[in-house]
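A.B. asks: okay, here's the prediction I keep looking at, along with the sequence it came from:
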Amino acid sequence: MRAYGAVTFLIAVVLAALSVPPAAQAETPPPVPCPVAKASPPIAKHPPAPVPPPRAPSTVGGDQLGSAGLVMPPDGGALPAGLSATSWVVADLDTGVVLAACGPHERHPPASCIKLLTIGTVLPKLGDPLQMVTATAQDTDIEPGSSAAGLVTGGKYRLQTVLLGLLLVSGNDAAMMLARLAGGPGGVPATLSDMNAYAHQLGALDTTARTPHGLDAAGQFSSAYDLALIARADFDRADFRALTATRTAQIPTEVVTEHGKPKSYPGYQIQNDNKLLRNYHGALGGKTGYTDVARHTFVGVAERGGHRLVVTLMNGEQRPVPMWQQGARLLDWGFAHQSSKGVGTLVTRASATPSTPADHRAARQLAEQPSGSLPALIAGSLLVVTVAAAGGLFWLLRRSSRRRS
């Protein structure tokens, strides 16, 4: 009986200790609001953006980047006027230093900027850019009125042409075709799985891709910080740098059979829709995006004096100045403050041991769970250890009692 009493007493003491409420935590000051300019004239009403599923605030890249508001270095001075984007990041593409940010980990629909993840995923899988590939009905069956490269079912194109159709005019048909080709037997779903695994490999934990093109889809989100990570990985590739800097390309004439008869589709020129490339000194490329729900998104990269900077903007409007000009103003600010220690970093790519898609799925499930407070985590650990210890003590005392009987 003494053995049972000792175990009961031990468990009671531990449970009583765990029931003591943790000390009151110091109140966290509210974040500094981001400088969002009012549009003039007023912005027309548009569908409300979906609310992302709850998740503990991310501090990937540094504690300061966990803020939902403005994050500036002490010597940052005044930011440029005219910013309408509610989330943005400006960072050094080479060193990874985040120079300033606004709600960097706030999740928003990415629109066509998700195509930067698409192309980063498929480029290593597709092989020779001069190979001929054939468009299918699945590729060309896209939302009417959405951006397209103009591929036709049965048309034969160089892979390079399809890649340019993705980046220059944000072709949703090109995105579907590339995702199908890269997915092999698994097609587009396989590529989407690879895209999400690749995002996690990069450390882009705010990102979930549901489509390869970025049209609004339930559960599809990214963040300004993640877009900077993805762009950084893309610009590590010489083939991507050449593609995104291309000003114009030619879609060739195609003759295909429709209803048993040949039909000719004349060729035409496409032009890069990223105005930063044509209007900003040192611009290297990037990506634009827009949907009714996501509003305007933008990624731009430029180089001056041997320094490359990346700017990403989400949930913005083309007023009071166009998005590319908002990006240009932040780049100007960044080049003027590139010697700053910054407010965080773009995390480096994954270690030498690649993780598997199963690892990434497990990581995503864990990331979706709200984080408990430190006292709660400690309490849970103590409870497990205590129960195990009590069980062991009970077994030893019972065994000893059996030996005495």
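C.D. replies: Right, received. Where do you want to start? None of the values given here were measured: they were computed from a predicted structure. Numbers count the residues shown, from 1 in each chain.
A.B. asks: what average pLDDT does the host helix or strand of Ser193 get?
C.D. replies: Secondary structure assigned from DSSP states H and E places Ser193 in helix 187-202. Mean pLDDT, helix 187-202: 97.
A.B. asks: now stretch 311-328
C.D. replies: The pLDDT scores in stretch 311-328 average 97.
A.B. asks: could you pull out the buried residues of it?
C.D. replies: 311-328 (16 or more other Cβ atoms under 10 Å). Backbone N, C-alpha and C define where each C-beta goes, glycine included.
A.B. asks: so of the residues you listed, which ones are in helices?
C.D. replies: 323-328 (DSSP state H).
A.B. asks: may I see the buried residues of the helix or strand hosting Leu276?
C.D. replies: Per DSSP H and E, Leu276 falls inside helix 275-279. Using 16+ other Cβ under 10 Å as the burial criterion, the residues of helix 275-279 that qualify are 275-277.
A.B. asks: ok, so of those residues, who is nearest Pro52?
C.D. replies: Leu276 (27.7 Å; Cβ to Cβ).
A.B. asks: got the contact list for the closest one?
C.D. replies: When contacts are counted by Cβ atoms under 8 Å, 6 or more residues apart in numbering, Leu276 touches 283, 286, 300, 302, 324, 327-328.
A.B. asks: now those in CSV, with distance to Pro48?
C.D. replies: CSV is the format used below for the contacts of Leu276 (distance: Cβ to Cβ, whole Å):
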residue, distance to Pro48
Ala283, 33
Gly286, 27
Gly300, 27
Ala302, 33
Trp324, 25
Gly327, 25
Ala328, 29
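A.B. asks: which secondary structure elements does the host helix or strand of Asp226 sit against?
C.D. replies: Taking DSSP H and E as the criterion, Asp226 maps to helix 224-235. Applying 3 or more Cβ pairs under 8 Å, 6 or more residues apart in numbering; DSSP states H and E, one finds that helix 224-235 makes contact with strand 87-92, strand 97-102, helix 115-126, helix 187-202, helix 238-244, strand 283-291, strand 295-304, strand 307-316.
A.B. asks: low-confidence ranges in the stretch 251-400 of the chain?
C.D. replies: 349-400 (pLDDT under 70).
A.B. asks: rewinding a little: and Arg55, which of the helices and strands packed on helix 224-235 is closest to it?
C.D. replies: Among the helices and strands packed on helix 224-235, the nearest to Arg55 by Cβ to Cβ is helix 187-202 (14.1 Å).
A.B. asks: helices or strands up against the closest one?
C.D. replies: If contacts are counted by 3+ Cβ pairs under 8 Å, 6+ apart, helix 187-202 sits against helix 115-126, helix 172-183, helix 224-235, helix 357-368.
A.B. asks: ranking these by burial, who's on top?
C.D. replies: Across those, the average number of neighbours (mean count of other Cβ atoms under 10 Å) peaks for helix 224-235, which reaches a mean of 28.
A.B. asks: let me know the angle separating that helix from strand 97-102.
C.D. replies: Taking axes from the mean of the first three to the mean of the last three Cα atoms, to 10 degrees, one finds helix 224-235 and strand 97-102 inclined to each other by 140 degrees.
A.B. asks: distance from helix 224-235 to the middle of the chain?
C.D. replies: 8 Å (Cα atoms, centre = their mean, to the nearest Å).
A.B. asks: let me know the angle separating it from strand 87-92.
C.D. replies: For helix 224-235 against strand 87-92, the angle between stretch directions is 40 degrees (the same axes, to 10 degrees).
A.B. asks: now do helix 224-235 against helix 187-202, angle only.
C.D. replies: Using the same axes, to 10 degrees: helix 224-235 against helix 187-202 is 100 degrees.
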